[in-house]
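Q: give me the fold of what follows.
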Amino acid sequence: MTSPEQMVKCRIVTPKSKLSAVINTLYDLGLYHLTPHLKGNYDLDISEPLADADKISKLLVKLRAIISKYPLHGVQIVKPLILNKKTLSPLVKKIDNLHTNLINIESEIKEAVIKKVEIKEKLISLEILKKLDLDFEALNKSKHLTYLFGNINKTEGLEQAVQKITDECSIAKNSKYVFLVGKKADEGNLLVALNEFGFSPFNININFSNVSVEIKKEKSLYQTFNEQHKEAEQKLNILKKELPGLLQLEIQLSEEIRKQELPLNFATTKSSIMAEGWIPKLEQENVREALEKATNKTIMITYEEPAKKEEPPVKLHNKKLVSPFEFLLKLYDLPKYKEIDPTSILFITFPIFFGFMLGDIGYGLVLLLAFYFIKKKFNTPGAKQLLSALMFAAVVSILFGFVFGEIFGFEAVGEGIGVSLCENIGICLHHIVEEVHGHTEVLYEFPRLLNRAGSHMNVFGYEILSVLVIGAIIGFIHLNLGLLFGFVNEYYSHGLKHAFMAKISWMIMELGIILAVLGVMGILVPVMKLIGALIAVLGIVLLALGEGVQGVVEIPALFSNMLSYMRLGAVGLASVGLAVVVNENLAMPFFEKGGIFIFIAIIIMILGHGINILLGVIGPFLHGVRLHYVEFFSKFFHGGGEEYNPFTRGEKIVQEK
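A: Got it, this is the predicted structure:
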């Protein structure tokens with residue numbers, strides 16, 4: 001059980017001339033959680049960005065335009081550029097030229113491609129005209145004749161449709177195209193008729209006399225544009241060699257613009273700036289020394305403890321083994337600064353809940369390997385944390401598998417396997433005789449501490465499955481642990497008196513009820529019935545004084561919450577039931593038939609146990625987090641903390657080796 005790391009408020013006042021040095025130092029330290037200055041606070045205005053912010057911002061826009069146009073993979077390792085007034089102007093000029101050249105080359109390529117497509121289409125038309133062998137010179141000189149030339153979808157009935165318009169018309173066609181020569185006066189009517197047959201005109205003007213000469217001319221033109229296209233592609237490839245280094249430059253400029261715009265969070269006067277933020281208490285001297293060194297001690301730094309109503313940012317600090325469970329906490333919320341951090345409890349209880357519900361050696365081993373290999377594929381910190389937590393839960397599932405004596409739903413092996421294990425390996429299992437399907441069978445049981453499908457406890461005269469009773473007992477312990485944490489939180493927030501009445505009152509009430517019940521059952525002396533009732537009433541009165549009517553109304557919820565923990569056993573029983581169905585009802589009949597049916601049985605077991613394992617992840621995970629979020633956290637956890645987010649580099653810049 002830990003609390004968030006202690007923070008102190010750090011106020012910085014320095015001359016404007018040292019602003020850049022202060023920003024770079026804070027950036028390199030990576031410790032300063034900045035509180036943005038609001039206009040009107042301290043009657044001071046908001047500061048302005050550094051001088052180069054606008055120039056770098058425009059440069060970054062062009063750089064990102066280039067990168068988005070030409071996606072690159074990986075970062076070329078180059079020496080990071082030191083940005084200052086001397087290096088910034090050449091860099092701006094270089095990126096401007098690169099951007100302009102890329103646009104011009106892209107335009108050249110686009111124009112060449114369009115021309116090549118147009119020429120290809122024209123060549124197709126010319127090849128068709130060449131086959132027609134017409135006198136195009138006479139056709140061009142004619143004042144009375146016109147032509148229609150293009151693709152056509154169907155030709156059946158075309159001649160009849162044209163004859164209805166005019167008899168003075170010549171048609172050359174095949175299944176794909178048509179060339180029609182007729183009077184200019186009939187051109188409109190002929191075009192309407194052709195459109196009924198799906199006519200699509202070729203974009204070509206027959207203003208030449210020799211088709212072969214025209215084809216040669218167009219091929220030569222195509223070759224010219226093709227050469228232009230190749231030259232432009234070569235120039236583009238040369239420019240592309242400069243692009244990989246831009247990825248790293250884009251990262252560096254993104255970081256630089258963050259520095260340049262940071263003063264927007266500062267307060268300012270005519271000659272100085274002021275910044276307020278939070279740093280870890282243990283880092284006070286490190287921050288002071290670094291800032292004084294960067295500014296030649298022309299800086300004033302003051303530290304203040306958080307005021308009672310202030311909420312500093314929250315920085316969780318857990319051991320490496322525990323830290324993956326911070327992901328589960330953040331899924332719900334961050335604790336406030338003065339609240340207990342329940343991550344270390346999640347580290348213990350969540351895997352126990354998960355393992356208790358799954359509780360199978362085989363399933364746990366499969367999930368452990370699956371989570372391990374999936375973790376290797378993910379780079380995001382959140383996914384890695386979750387998978388690390390689930391790996392730990394899978395290990396606990398294996399341990400509970402030994403407690404319950406279950407391997408892929410099997411709790412025993414047949415006589416042949418049992419005898420072989422004892423004689424050949426020295427593993428001698430306990431054997432029992434059971435009646436299975438109308439005949440007796442010798443089975444060798446796996447060693448176990450608890451049979452969760454068959455072990456019962458007597459509770460108030462009723463035989464109840466042991467795993468359900470154990471779940472309720474776990475709930476009682478877990479919820480009271482939450483009340484103890486609540487007592488600590490309330491003590492730091494509102495003092496001992498309120499903490500006692502708001503949280504310990506629940507435990508007093510529970511104690512009274514337990515004593516009264518034991519008295520009624522005759523386990524304790526009869527007078528305990530009255531004493532227990534009085535203690536329970538005392539607890540209720542204290543609760544009413546501490547939390548008011550709302551606390552009293554929530555008394556039934558406490559007992560329903562305890563009963564919710566019975567789901568720990570219920571979910572496990574459902575998993576056992578499905579495993580038994582897969583093994584005994586679906587797969588075993590095929591195994592008994594032998595031959596090819598053994599292969600079918602294996603497929604059934606793989607699919608069946610695969611589904612059960614998937615459900616064994618979803619069910620225990622969801623129920624495990626629910627018991628924490630709804631039942632446990634409600635007893636002490638308020639949340640609403642702001643995550644500690646110090647000003648530092650957002651992305652890693654690769655350094656040259």
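Q: packing partners for the helix of greatest length in the chain?
A: For the chain, the longest helix by residue count, based on DSSP state H, is helix 85-132. With contacts defined as 3 or more CB pairs under 8 Å, 6 or more residues apart in numbering; DSSP states H and E, helix 85-132 has these neighbours: helix 53-69, strand 177-183, helix 211-240. Every C-beta, even on glycine, is put in place using the N, C-alpha and C of the backbone.
Q: show the model's pLDDT score for the spatially most central residue of the chain.
A: What sits nearest the mean C-alpha location of the chain, by CA atoms, centre = their mean, is Ala383, with 7.1 Å. For Ala383, the pLDDT comes out at 90.
Q: what about it, distance to Lys375?
A: From Ala383 across to Lys375, the span is 8 Å (CB to CB, to the nearest Å).
Q: please enumerate the helices of the stretch 401-550 of the chain.
A: Ranges of helices within the stretch 401-550 of the chain are 415-420, 466-494, 496-499, 505-521, 527-553, based on DSSP state H, counting those that start in this stretch.
Q: kindly report the same for the stretch 251-400 of the chain.
A: 284-294, 326-332, 343-358, 361-377, 381-404.
Q: one step back: distance to Lys18 for the helices and strands packed on helix 85-132 - can I get that in CSV?
A: Formatted as CSV, those follow (distance: least, CB to CB, whole Å):
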stretch, distance to Lys18
helix 53-69, 18
strand 177-183, 80
helix 211-240, 41
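Q: using CSV, lay out these together with mean neighbour count and mean pLDDT.
A: CSV is the format used below for these (neighbours: other CB atoms under 10 Å; pLDDT from 0 to 100):
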stretch, mean neighbour count, mean pLDDT
helix 53-69, 16, 82
strand 177-183, 20, 87
helix 211-240, 14, 89
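Q: show me the shaky parts of the stretch 351-500 of the chain.
A: Filtered on pLDDT under 70, the stretch 351-500 of the chain yields the residue ranges 413-421, 423, 426-427, 429-439, 442.
Q: per the record, what domains does this structure have?
A: The chain breaks down into these domains under automatic domain parsing: 113-227, 412-445.
Q: so which of those is the most surrounded?
A: Across the domains of the chain, the average number of neighbours (mean count of other CB atoms under 10 Å) peaks for domain 113-227, which reaches a mean of 15.
Q: how deep is Ala51 tucked in, by neighbour count?
A: 10 (other CB atoms under 10 Å).
Q: again but with Pro447, I slipped
A: Using other CB under 10 Å: Pro447 sits among 10 other residues.
Q: hmm, it is touching Ile407, no?
A: No: the criterion here is CB atoms under 8 Å, and Pro447 misses it with Ile407 at 11.6 Å.
Q: picking up where we left off before, let me have the helices of the stretch 401-550 of the chain in TSV, extended by distance to Thr100.
A: Formatted as TSV, those follow (distance: least, CB to CB, whole Å):
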stretch	distance to Thr100
helix 415-420	78
helix 466-494	62
helix 496-499	70
helix 505-521	73
helix 527-553	69
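Q: out of those, flag the one nearest Leu615.
A: Leu615 lies closest to helix 466-494 among the helices of the stretch 401-550 of the chain, at 17.4 Å (CB to CB).
Q: from the chain's centre, how far out does stretch 163-175 sit?
A: Computed by CA atoms, centre = their mean, to the nearest Å, the chain-centroid distance of stretch 163-175 equals 67 Å.
Q: what does it contact?
A: Here stretch 163-175 makes contact (CB atoms under 8 Å, 6 or more residues apart in numbering) with 132, 134, 152, 155, 158-159, 162, 178-183, 186, 189-190, 193.
Q: could you redo the last one with a cut-off of 10 Å?
A: Residues from elsewhere that reach stretch 163-175 (CB atoms under 10 Å, 6 or more residues apart in numbering): 128-129, 131-134, 144-145, 147-149, 152-156, 158-159, 162, 178-183, 185-186, 188-190, 192-193, 197.
Q: I'd say Ile540 and Met509 touch.
A: Yes: in this structure, Ile540 is within contact of Met509 by CB atoms under 10 Å, at 5.7 Å.
Q: name the SS class of Pro49, please.
A: coil (DSSP: H, G, I helix; E, B strand; the rest coil).
Q: roughly how far does it sit from Leu264?
A: Taken as CB to CB, the span from Pro49 to Leu264 is 6 Å.
Q: from the neighbour counts alone, determine which of the two ranks first.
A: Neighbours were counted for Pro49 and for Leu264 using other CB under 10 Å; Pro49 has more, 16 against 13.
Q: check the gap between the more buried one and Leu19 for me.
A: 10 Å.
Q: what do those two both touch?
A: 262-263.
Q: that older thread, now for the helices and strands packed on helix 85-132, which one comes closest to Phe327?
A: Comparison of the helices and strands packed on helix 85-132 against Phe327 by CB to CB identifies helix 53-69 as nearest, at 31.5 Å.
Q: got the angle between that closest one and helix 85-132?
A: 30 degrees (axes from the mean of the first three to the mean of the last three CA atoms, to 10 degrees).
Q: kindly export helix 53-69 (C-alpha atoms) in CSV.
A: Provided in CSV are the C-alpha atoms of helix 53-69 (Å, rounded to 0.1, in the frame of the first residue of the first chain):
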residue,chain,number,x,y,z
ALA,A,53,7.9,30.1,-33.1
ASP,A,54,6.1,31.3,-36.3
LYS,A,55,9.1,30.5,-38.6
ILE,A,56,9.5,27.0,-37.1
SER,A,57,5.7,26.4,-37.3
LYS,A,58,5.6,27.3,-41.0
LEU,A,59,8.6,25.2,-41.6
LEU,A,60,7.0,22.2,-39.8
VAL,A,61,3.9,22.5,-42.0
LYS,A,62,5.9,22.2,-45.2
LEU,A,63,8.0,19.4,-43.8
ARG,A,64,4.9,17.4,-42.8
ALA,A,65,3.4,18.1,-46.2
ILE,A,66,6.5,16.5,-47.8
ILE,A,67,6.4,13.5,-45.4
SER,A,68,2.7,12.9,-45.9
LYS,A,69,3.1,13.0,-49.7
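Q: for it, packing partners?
A: helix 85-132, helix 244-261 (3 or more CB pairs under 10 Å, 6 or more residues apart in numbering; DSSP states H and E).
Q: gap between that helix and the chain center?
A: For helix 53-69, the distance to the chain centre is 28 Å (CA atoms, centre = their mean).
Q: now do that helix against helix 244-261, angle only.
A: 150 degrees.
Q: by how many degrees do helix 53-69 and helix 211-240 diverge?
A: Using the same axes, to 10 degrees: helix 53-69 against helix 211-240 is 130 degrees.
Q: which residues sit against helix 53-69?
A: In contact with helix 53-69 (CB under 10 Å, 6+ apart) are residues 49-50, 52, 72, 83, 85, 88-89, 91-92, 94-96, 98-100, 102-103, 106, 239, 242-243, 246-247, 249-250, 252-254, 256-257, 259-264.
Q: tell me who's in contact with Ala161.
A: By CB under 10 Å, 6+ apart, Ala161 lies in contact with 190, 192-194, 196-197.
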